[in-house]
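S.K.: got a structure for you, letters missing:
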């Protein structure tokens, strides 16, 4: 271990190699097409949520920036994509790119604020910015449709061939491909020297500038990238469901994605994805009972994770594997 | 116009005093232990539901139910502190946030399970209803009562912190926890008592809030944001800061709702973000 750590290049190269489990996992994401064709709409929602959780993982799990308002970028991308389609340009791919650029611009603008603060002030400012945007969208009813949501979003066929329909085949294919591309980007990013610098900021924010790292610039960069990714996730949701509601900007959504990431394991590439699968499937299964009671179990789960599984499900599994190896 | 401005000022101040009672405990405990307790309003909600149950089900007088609301919130919060919170004092802010958000989620669900999702009715005694006229302006009796209670609480708090031995220990622990420990102050015990008192005050605030803002199962979420604004704008551990921030927030929220109803809560969130960017430690924060 010590020899690899002393040679950062070799360490990064070892990290970037694909593990057989990873390949198996991505092949398994194709299974819903065959095994549960009636649940493809849910599957596409999971892929979208996973992409959103992955974007939060970049800033929270790797750079240690706590955000209680990450839904701002998700919702901003969602409304951008929805509005473009409503105004007559229903082409999905360019809509996605425009929404990504818009969310990225918002992320870049706010990143200057984010990079200046830490601790409680940062938590409060991210929370405040998220609430601010949600209130703005609520007030601007002429643009966003207010509490009724954005109506009249009509998408064209994907690549001129595939219609988004009730079965969700096109929706899941589209979301899965975008999620995979986003994942590849995140994987490349965190296995680069830049990714190491982010982890340095997470571990010791005071020492990083002292050894000459440009911490504020790194934070601005990763925050913008995460905002782009969250915006893409939001745009995917708008395009595949052909509606946008105020809920995409709400504190509830920011809290949900935090729960998902923590449940899966923050600071791990697959944490958000695993968390999204478990959370969304469980919510779908329990949707028959009152949503109020669903939050009781989410609350209990959060308490249990913080108390007993500090690194989420993936962290707990990694510890089990280590214990097994030591015993063997 | 002048008359309505005066009315807005009065109602806003009364509302601000309510926010002060709700949040002052969090300000002191956050300043002392740096523990981000997002479940503070769950204890407030508990106090509110205790009052509702006592007055509606058992027919207690409203005023008699207030001390019970205080005591039950304080007792329950101590149980949580002993069982859960104290294990996370050294942990990261994220873990503390998550644990307490978990408690909020669970408490909201439990409240919905027991009381349903409707606004809780509360019938005030006759002497707290209506309004009185002073110098040609009419004032709601309940709001006057609220302001009176809050000023008494503030006076008691300030006096207790300034002139008692326990108050001196609290101030020492807020200013410099390690040094206080070094001097032989049992900071954990001081903290537990302060935490209970702060949560008790929140419970009292929750009971007082029913008449002004209503009470439903989502109270713990809705008012969490207001309480956090008061605490972070006022500055951690500062009673005067909380008082000023709560008054400011109450008045600007009321004025915003009265004069710019189309903006909604936009105004106060904007004021909060702007104030925090100007002074990240709050108006009176030291650290």
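M.R.: Cool, got the structure. Treat the numbers as computed from the prediction; the structure is a model and nothing was measured.
S.K.: Point to the residue nearest the middle of chain B.
M.R.: Nearest to the mean C-alpha position of chain B, by Cα atoms, centre = their mean, lies residue B:22 at 1.1 Å.
S.K.: Just list the residues touching it, thanks.
M.R.: With contact set as Cβ atoms under 8 Å, 6 or more residues apart in numbering or on different chains, residue B:22 has these partners: B:40, B:41, B:44, B:201, B:202, B:205, B:206, B:209, B:223, B:226, B:227, B:230. Quick note: C-beta positions are derived from backbone N, CA and C, even for glycine.
S.K.: Near the fourth one, how many other residues are there?
M.R.: Around residue B:201 sit 26 other residues, with neighbours defined as other Cβ atoms under 10 Å in any protein chain shown.
S.K.: Would you mind measuring from it to residue B:73?
M.R.: 8 Å (Cβ to Cβ, to the nearest Å).
S.K.: before we move on, the earlier item: now, the contacts of residue B:22 that are in helices?
M.R.: Using DSSP state H, the members of the contacts of residue B:22 that fall in helices are B:40, B:41, B:44, B:201, B:202, B:205, B:206, B:209, B:223, B:226, B:227, B:230.
S.K.: any chance of those residues in a markdown table, plus pLDDT?
M.R.: Listed next are the ones in helices among the contacts of residue B:22 as a markdown table, based on pLDDT from 0 to 100:
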| residue | pLDDT |
| --- | --- |
| B:40 | 90 |
| B:41 | 91 |
| B:44 | 92 |
| B:201 | 91 |
| B:202 | 92 |
| B:205 | 91 |
| B:206 | 91 |
| B:209 | 88 |
| B:223 | 86 |
| B:226 | 87 |
| B:227 | 89 |
| B:230 | 88 |
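S.K.: Of those residues - the most surrounded one?
M.R.: Sorting the ones in helices among the contacts of residue B:22 by how many neighbours each has (other Cβ under 10 Å) puts residue B:202 first, at 35 neighbours.
S.K.: just checking, residue A:266 touches residue A:61?
M.R.: Yes: Residue A:266 lies in contact with residue A:61 (Cβ atoms under 8 Å); the separation is 3.8 Å.
S.K.: Give me the buried stretch members for stretch B:58-77, please.
M.R.: Within stretch B:58-77, the residues scored as buried using 16 or more other Cβ atoms under 10 Å in any protein chain shown are B:62, B:65, B:66, B:68, B:69, B:70, B:71, B:72, B:73, B:74, B:76, B:77.
S.K.: Distance of the closest residue to residue A:16 other than its chain neighbours relative to residue B:155?
M.R.: Excluding its sequence neighbours, the residue lying closest to residue A:16 (Cβ to Cβ, 6 or more residues apart in numbering or on different chains) is residue A:191, at 4.5 Å. Distance of residue A:191 to residue B:155, computed by Cβ to Cβ: 60 Å.
S.K.: And for residue A:297?
M.R.: 44 Å.
S.K.: what's the answer for residue B:238, then?
M.R.: According to Cβ to Cβ, residue B:238 and residue B:155 sit 16 Å apart.
S.K.: Could I get the phi/psi values of residue A:30?
M.R.: For residue A:30, the backbone dihedrals (degrees, to the nearest 10) come out as phi -80, psi -20.
S.K.: Just give the number of residues close to it.
M.R.: Neighbours around residue A:30, by other Cβ under 10 Å: 12.
S.K.: Check the gap between residue B:46 and residue B:63 for me.
M.R.: 19 Å.
S.K.: again, but for residue B:214
M.R.: According to Cβ to Cβ, residue B:214 stands 20 Å off from residue B:63.
S.K.: likewise residue B:253?
M.R.: Remark: distance between residue B:253 and residue B:63 (Cβ to Cβ) = 27 Å.
S.K.: Can you pick out the residue with more neighbours from residue B:238 and residue B:155?
M.R.: Between residue B:238 and residue B:155, residue B:238 has the larger neighbour count (other Cβ under 10 Å), namely 23 against 10.
S.K.: Hmm, the more buried one is touching residue B:281, no?
M.R.: No: contact criterion Cβ under 8 Å: residue B:238 and residue B:281 do not qualify, at 9.8 Å.
S.K.: what's residue A:115 in contact with, if anything?
M.R.: Residues counted as contacts of residue A:115 (Cβ under 8 Å, 6+ apart) are A:215, A:216, A:217, A:219, A:220, A:223.
S.K.: oh, I was asking about residue B:208
M.R.: Applying Cβ under 8 Å, 6+ apart to residue B:208 gives the contacts B:18, B:21, B:66, B:146, B:149.
S.K.: Quickly find the element holding the first one.
M.R.: Think residue B:18. In this assignment (DSSP states H and E), residue B:18 forms part of helix B:2-33.
S.K.: Most distant residue from the centre of chain B?
M.R.: Taking Cα atoms, centre = their mean, the residue of chain B most remote from its mean C-alpha position is residue B:136, at 32.2 Å.
S.K.: What separation do you get for that residue and residue B:7?
M.R.: 12 Å.
S.K.: next one: residue B:107
M.R.: From residue B:107 over to residue B:7 (counting by Cβ to Cβ), the distance is 35 Å.
S.K.: Please apply the same query to residue B:93.
M.R.: From residue B:93 across to residue B:7, the span is 41 Å (Cβ to Cβ).
S.K.: what do you get for residue B:72?
M.R.: Residue B:72 sits 35 Å away from residue B:7, taking Cβ to Cβ as the criterion.
S.K.: Backbone torsions only: list them for residue A:162.
M.R.: According to degrees, to the nearest 10, residue A:162 has phi -110, psi 130.
S.K.: tally of neighbours for it?
M.R.: Per other Cβ under 10 Å, the neighbour tally for residue A:162 reads 14.
S.K.: Please confirm that residue B:255 is located within a strand.
M.R.: No: going by DSSP: H, G, I helix; E, B strand; the rest coil, the assignment for residue B:255 is helix, not a strand.
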